[in-house]
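S.K.: Mind folding the following:
(4 chains)
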Protein chains: 2
Amino acid sequence: MSGIEDVASLAGVSKATVSRALSGRGYVSVETRAKVSDAAHRLGYVVSSSASSLVTGRTNNVGVIIPRINQWFFGSILEGVERALLDRGYDLMLYNVSKTVEERSKVFEYFLVRKRVDAVIAVTLEITPAETERLVGLGKPIAGIGGPLEGIPTVSIDDVAAARLATEHLLLLGHRDIVHVGGDVDEQMDFHVHSKRLKGFLEALTAAGIPHDENSYLATRFDIPGGYRVGKQLLGDPRRRPTAIFAAADEVAIGVILAARELGISVPDDLSVIGIDNHPLSDMFGLTTVEQRPDLQGEHAVDWVIRQLEQPGWSPDAGHAFAPTRLVMRSSTAPPRPRTG
Amino acid sequence: MSGIEDVASLAGVSKATVSRALSGRGYVSVETRAKVSDAAHRLGYVVSSSASSLVTGRTNNVGVIIPRINQWFFGSILEGVERALLDRGYDLMLYNVSKTVEERSKVFEYFLVRKRVDAVIAVTLEITPAETERLVGLGKPIAGIGGPLEGIPTVSIDDVAAARLATEHLLLLGHRDIVHVGGDVDEQMDFHVHSKRLKGFLEALTAAGIPHDENSYLATRFDIPGGYRVGKQLLGDPRRRPTAIFAAADEVAIGVILAARELGISVPDDLSVIGIDNHPLSDMFGLTTVEQRPDLQGEHAVDWVIRQLEQPGWSPDAGHAFAPTRLVMRSSTAPPRPRTG
DNA sequence: CTGAAAGCGCTAACAG
DNA sequence: CTGTTAGCGCTTTCAG
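M.R.: Predicted coordinates for the structure are as follows:
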């Protein structure tokens, strides 16, 4: 494995010139540059990142803290972040951190501090003020995705607006008897998501002058089995059955649809269902949904931190950016069936 | 950010002693060690990984090359690898590499070589001999998960045996008319998986003296919509309908079940279905399956590379290890319905 | 535009 | 058991 010295002597220049030629920093004549990169190529030379980091203080690494991987939302974020990072020449250091305190502290106290990363992207992390302080104290660019993090710029969709949009769609179709199935407070996502989506739902109902009570809302796990379970329970009794359900996530909505099918309830004839996400399976189930693009949110966060890295002094205008959403209409919604009798 | 020098002077010892005390390498008296770690703690000192890597040549980083993230099998592997790595004090550098040549070469030629990783774990990568050579040429421990990689130790389940097990289960129940739904050759996983599972299927049929022809096998995408599509097509015509289907992955099996339900075909009364994976959704669909644990495969690969790192000279006995599988029986399989008439 | 020299912060002999 | 010393491989002034 050849070093900069080898390249220098093969090219007939000094180490300094090789460094300048290869890194692009500083003036090098065109022909010298050519000679150098030729020599580097022939030797298969590649800079030692440790040596280079040692002197520059930059690692070209971005740490990503994410609570889980094997779930569409999180996986998509990770894919988006990864792509964006690789594109820009950075490496991605993955920290899959669950909610257990020890694991978290291990990452916060130990891994992240070892001068291994230039910046940090935190995904839907509900962190304590102390942890935030620690992160910020590193003096490194940080961006969050998902929940708002006090004192850290974050990107997410506008959960309230998305929920309102979904609810309004049902309202516009003529539904009056709508139930919202949201997420469990201490499961999966940070709870802001759940409360905000509920808020948007209630706002839309209120604006339309539709009354609601505690039966208008149900919580369950944010996955297909969670939706299925709640669907069975909610749709089992024909007298209590709403004409439409707004699920806070597509997976939940799909679970509801599966439950409805098993109960012989036709979607959308007897029941309209709408979700949020545009999950890959949603198309197959004809699910109407408010699309969010976690991968783009990931890219956005990457842009932020890299910009801060490359233009020192720059910082995001606002503490928070909203990623776009849009309504994707499919066959799971329709006007309520006119009452017979 | 204080350096080793600061700790040394606060503790009243030399830099070398600090290094020894904190890294655990070399002899240090108990009391000195205490003094040193106390000082380090008070200063919030943490080694500079670049400096340390520069001299030791070790980065405490393991690179993971994986073709996709947002799919149960791959996500589970990644979770398993991540957990194992963090446990052992290593960081994980993620390279999400699709099949496009440019992306791959970028990783192989550039990222991996920058002395950034001590070892590499390659997940279901079908790499060219040249790429293998490049990887091996790095002189770093490598392990593969999934497809066998020529010249690289790998871990995977025994696909042939797993498929045989699934098929034998159906056979034992009395099924004679079984169709295998496998994966598209140029989709998703490397094609060895598909051909091996087909092989196991055919072996079991042959051993049982059951004839098969080209209609015994169908390929589709390894996901729920893929299974659904093929299910609709295969089950649409009552005269061609088999009594059982062995899907090469649970997601495909679930798609088949959904298709069957829509066609009014009862599972398992009219059709038995079995898959491979034990996907989280399988329970909900009552799917009988051959369980594989991608997370454990990930841990196994981590063990291998770390062992090589920590005991130089050690190498896996065999070029390949089989991860365990087991049959998880649920309600989607039953004896074929006795012929009427 | 290029070269010489001085480290970046740590570890690994080697003596003591 | 501990200190001294010499780099690891690069980048960056600072002169030319």
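
S.K.: Around DNA strand D, pick out the residues from chain A.
M.R.: A:3-5, A:15-16, A:18-20, A:22-23, A:25-26, A:45, A:47-48, A:51-52, A:54-56 (C-beta under 7 Å from any atom of the strand). Quick note: C-beta positions are derived from backbone N, CA and C, even for glycine.

S.K.: one more time with 6 Å
M.R.: With C-beta under 6 Å from any atom of the strand as the criterion, chain A comes near DNA strand D at residues A:3-4, A:15-16, A:19-20, A:23, A:25, A:47-48, A:51-52, A:54-56.

S.K.: least confident pick among those?
M.R.: Lowest pLDDT of the residues of chain A next to DNA strand D: residue A:25, 88.

S.K.: In three-state terms, label that residue for me.
M.R.: Secondary structure assignment for residue A:25 (DSSP: H, G, I helix; E, B strand; the rest coil): coil.

S.K.: The closest residue to it other than its chain neighbours: helix or strand, and which one exactly?
M.R.: Spatial nearest neighbour of residue A:25, excluding adjacent residues (C-beta to C-beta, 6 or more residues apart in numbering or on different chains): residue A:19 at 7.9 Å. Using DSSP states H and E, residue A:19 sits within helix A:15-23.

S.K.: any chance you could map the strands in the stretch 101-250 of chain A?
M.R.: Taking DSSP state E, counting those that start in this stretch as the test, the strands found in the stretch 101-250 of chain A are A:119-123, A:142-145, A:154-157, A:178-183, A:217-220, A:244-247.

S.K.: ranges for the helices of chain A?
M.R.: Listed in chain order, the helices of chain A (DSSP state H) span A:4-11, A:15-23, A:30-43, A:49-56, A:72-87, A:101-105, A:129-137, A:159-173, A:191-207, A:224-235, A:250-262, A:294-310.

S.K.: okay, the ones you listed in a markdown table with mean neighbour count next?
M.R.: Shown next, in a markdown table, are the helices of chain A (neighbours: other C-beta atoms under 10 Å in any protein chain shown):
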| stretch | mean neighbour count |
| --- | --- |
| helix A:4-11 | 18 |
| helix A:15-23 | 19 |
| helix A:30-43 | 16 |
| helix A:49-56 | 19 |
| helix A:72-87 | 23 |
| helix A:101-105 | 13 |
| helix A:129-137 | 14 |
| helix A:159-173 | 21 |
| helix A:191-207 | 20 |
| helix A:224-235 | 22 |
| helix A:250-262 | 26 |
| helix A:294-310 | 22 |
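
S.K.: and of those, who's closest to residue B:176?
M.R.: helix A:250-262 (30.2 Å; C-beta to C-beta).

S.K.: How far does that closest one sit from its chain's centre?
M.R.: Distance of helix A:250-262 from its chain centroid, counting by C-alpha atoms, centre = their mean, to the nearest Å, is 24 Å.

S.K.: try stretch A:101-108
M.R.: Counting by C-alpha atoms, centre = their mean, stretch A:101-108 comes out at 21 Å from the chain centroid.

S.K.: before we move on, what about stretch A:244-251?
M.R.: Distance, centroid of stretch A:244-251 to centroid of chain: 19 Å (C-alpha atoms, centre = their mean).

S.K.: Report the rounded mean pLDDT for it.
M.R.: On average, stretch A:244-251 scores 98.

S.K.: again, but for stretch A:67-78
M.R.: 95.

S.K.: So which residues make contact with it?
M.R.: The list of residues contacting stretch A:67-78 from outside it, by C-beta atoms under 8 Å, 6 or more residues apart in numbering or on different chains, reads A:64, A:66, A:94, A:96-99, A:123-125, A:145, A:188-189, A:223, A:249, A:251, A:277, A:279-280, A:293-295, A:297-298, B:69-72, B:75-76, B:78-79, B:82, B:94, B:96.

S.K.: For the lowest-mean-pLDDT helix or strand in chain A, which outside residues touch it?
M.R.: Least confident element among the helices and strands of chain A, by mean pLDDT, DSSP states H and E: helix A:101-105 (a mean of 72). Residues from elsewhere that reach helix A:101-105, judged by C-beta under 8 Å, 6+ apart: A:97, A:98, A:127, A:131, B:86.
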